[in-house]
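> sequence and predicted model, in that order:
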Amino acid sequence: MTLLQNYHRLPVQFVKAQNTIWEDDHQQQYLDLSSGIGVYNIGARHPEVEAALIDQAQQLWHLPNLYDNALQEKVAEQLGGQNYAAYFANSGAEANEAAIKLARIATKKATIITFKNSFHGRTYAAMAATGQDTIHHGMPMAAGFKYATFNDIQSVEAIIDDNVAAIMFELVQGEGGVIPADQTFIKDLAQLAHQHHILLIIDEVQTGIGRTGTKFAYEQYAIEPDIITSAKSLANGLPVGAMLAKNNIADAFSYGVHGSTFGGNPLVMRSAIATLSVLDTLLPELPDKVKQMWSHLKLLQSLDSVIDIRGLGMIIGIALHPDVPVAEVVEKLLFEEHVITLSAGQNTLRLLPPLTLTPAEMKTGIEKIHHILQQYKND
């Protein structure tokens with residue numbers, strides 16, 4: 001055995017990818033409706049990102065955070081403008097760890113409220129912030145977290161006390177089954193946080209960088225978070241995480257408080273600059289593309305195997321009947337049709353297609369899903 005067995009891997013070797021199409025070592029092509037778990041938002045090997053990487057690779061790969069880095073300044077400006085200061089890490093979990101740490105230092109309080117069914121990463125504090133027993137199983141959890149019920153404001157009110165530093169949440173619980181936040185709940189949550197001087201941390205690791213139809217999902221909820229975390233698709237395939245903090249709390253991360261050897265290195269920053277520039281050109285057409293996608297999804301609504309279709313923008317959850325094994329659908333039946341999808345939560349088929357998916361590819365992908373799911377009929 002050469003590798004730890006902590007991943008369930010399908011027996012396929014992918015060797016190439018271009019936009020929405022992946023190719024294996026037998027030259028078989030697959031339609032990607034997963035974006036590599038929400039990473040290839042602008043499609044695999046986007047030519048502008050590839051050109052930026054090649055150019056940077058011929059200059060400088062690594063630069064420690066001991067020196068000025070104009071590339072980091074550029075990405076920070078593209079992400080948060082002048083209202084937020086950025087810290088760069090290597091993953092979403094690291095960005096969330098930094099957010100938790102900053103909130104506690106800035107407020108001098110210890111408790112972070114998160115939500116049942118949430119997912120914030122697998123490093124130690126991020127794992128404790130995650131509201132899923134399966135993630136916690138067999139491990140003593142870091143202290144300082146309380147869990148409310150998502151979309152239930154009374155459950156939040158019930159656990160607030162004077163020691164709460166922040167409320168941390170996703171606007172769509174992705175790993176938890178693609179559960180969108182209610183508009184009223186988020187409005188009430190923001191008001192509650194304001195009343196109690198509690199920071200709002202929004203985990204946009206999966207919902208950011210255009211995934212929901214806007215650069216960040218919070219833009220669709222009329223709120224202004226204190227801290228935002230981003231990762232996954234930020235550099236369209238290279239490992240990067242970012243924490244954005246409002247200027248009024250950013251100074252809490254003073255010299256030596258936090259750091260990362262590789263965070264914000266030149267290669268990933270050039271990739272992020274190119275990714276965000278491409279995203280700016282895609283955003284105006286995204287509303288129409290989202291409408292097209294959800295129009296195609298209507299084909300699935302009448303199937304016996306489908307309980308619900310939910311999501312926001314291009315993060316889509318197809319809740320399946322309990323008798324329909326989502327693992328079989330994703331890993332066998334759809335995979336045999338050369339369609340790459342994901343699962344999430346309690347028996348939910350999850351789609352995270354690249355934002356560059358064409359109308360024809362949408363139609364093909366949903367028709368193949370329909371073909372598979374119609375095989376399951378209630379007795």
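Yep, that arrived. Residues are numbered from 1 along each chain as shown.

> low-confidence stretches in the chain?
Applying pLDDT under 70 to the chain flags residues 379.

> just the helices in it please.
Applying DSSP state H to the chain gives helices spanning 35-38, 47-57, 70-80, 92-107, 124-129, 133-136, 153-157, 183-195, 247-250, 266-282, 286-297, 326-328, 334-336, 359-373.

> of those helices, which approaches residue 210 most closely?
Closest to residue 210 of the helices of the chain, according to Cβ to Cβ: helix 266-282, at 5.1 Å. Every residue, glycine included, has its C-beta placed from N, CA and C.

> separation between the closest residue to residue 371 other than its chain neighbours and residue 33?
Nearest in space to residue 371, with sequence neighbours left out and distances taken as Cβ to Cβ, 6 or more residues apart in numbering, is residue 337 at 7.3 Å. Applying Cβ to Cβ, to the nearest Å, the value for residue 337 to residue 33 is 11 Å.

> neighbour count: these two, which is higher?
Legend: neighbour count by other Cβ atoms under 10 Å for residue 337 and residue 33, higher for residue 33 (26 against 17).

> quick one, what contacts the residue nearest to residue 354 when sequence neighbours are not counted?
Excluding its sequence neighbours, the residue lying closest to residue 354 (Cβ to Cβ, 6+ apart) is residue 43, at 4.5 Å. Counting by Cβ atoms under 8 Å, 6 or more residues apart in numbering, residue 43 makes contact with 18, 19, 20, 354, 355, 356.

> how many residues are close by residue 139?
Neighbour count of residue 139, defined by other Cβ under 10 Å: 10.

> in this structure it contacts residue 122, no?
No - with contact defined as Cβ atoms under 8 Å, residue 139 and residue 122 do not form a contacting pair (10.3 Å).

> ok, now which ones touch the residue positioned nearest the centre of the chain?
For the chain, the residue nearest the mean C-alpha position is residue 206 (0.9 Å; Cα atoms, centre = their mean). For residue 206, the contact set (Cβ under 8 Å, 6+ apart) comprises 38, 92, 170, 172, 174, 175, 232, 315, 352.

> any idea what the residue nearest to the third one when sequence neighbours are not counted is bridged to?
Read it as residue 170. Nearest residue to residue 170 in three dimensions, chain neighbours excluded: residue 203, at 4.9 Å (Cβ to Cβ, 6+ apart). Note on residue 203: beta-bridge partners by DSSP bridges are residue 229.

> can you count the residues close to residue 287?
Residue 287: 12 neighbours (other Cβ under 10 Å).

> try residue 132
Residues near residue 132, counting by other Cβ under 10 Å: 18.

> again, but for the one 4 residues further on
Here the count is done by other Cβ under 10 Å, and residue 136 has 13 residues near it.

> that one touches residue 130, doesn't it?
Yes - judged on Cβ under 8 Å, residue 136 makes contact with residue 130 at a distance of 7.5 Å.

> how's this protein carved up into domains?
14-45+285-373, 48-282 (automatic domain parsing).

> in TSV, list these along with distance to residue 4.
Formatted as TSV, those follow (distance: least, Cβ to Cβ, whole Å):
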stretch	distance to residue 4
domain 14-45+285-373	19
domain 48-282	14
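
> between those domains, which one is closest to residue 6.
Taking the domains of the chain one by one with Cβ to Cβ, domain 48-282 is closest: 10.0 Å.

> quick one: residue 373 from residue 330, how far?
Residue 373 is 11 Å from residue 330, where distance means Cβ to Cβ.

> now residue 91
Taking Cβ to Cβ, one finds residue 91 at 24 Å from residue 330.

> ok, now which ones touch the closest residue to residue 361 other than its chain neighbours?
Spatial nearest neighbour of residue 361, chain neighbours left out: residue 20 (5.7 Å); criterion: Cβ to Cβ, 6+ apart. If you count contacts by Cβ under 8 Å, 6+ apart, residue 20 has them with 31, 32, 43, 44, 353, 354, 356, 357, 358, 361.

> backbone dihedrals for residue 214, please?
phi -130, psi 170 (degrees, to the nearest 10).

> which residues does residue 163 contact?
Residue 163 neighbours (Cβ under 8 Å, 6+ apart): 109, 110, 111.

> that older thread, can you lay out the helices of the chain as a markdown table showing distance to residue 219?
As requested, those are exported to a markdown table (distance: least, Cβ to Cβ, whole Å):
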| stretch | distance to residue 219 |
| --- | --- |
| helix 35-38 | 18 |
| helix 47-57 | 23 |
| helix 70-80 | 13 |
| helix 92-107 | 19 |
| helix 124-129 | 23 |
| helix 133-136 | 29 |
| helix 153-157 | 21 |
| helix 183-195 | 12 |
| helix 247-250 | 19 |
| helix 266-282 | 13 |
| helix 286-297 | 12 |
| helix 326-328 | 31 |
| helix 334-336 | 32 |
| helix 359-373 | 24 |
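
> out of those helices, which gets nearest to residue 24?
Short answer: helix 334-336, nearest of those by Cβ to Cβ, at 10.9 Å.

> for that closest one, packing partners?
Applying 3 or more Cβ pairs under 8 Å, 6 or more residues apart in numbering; DSSP states H and E, we find helix 334-336 packed against helix 359-373.
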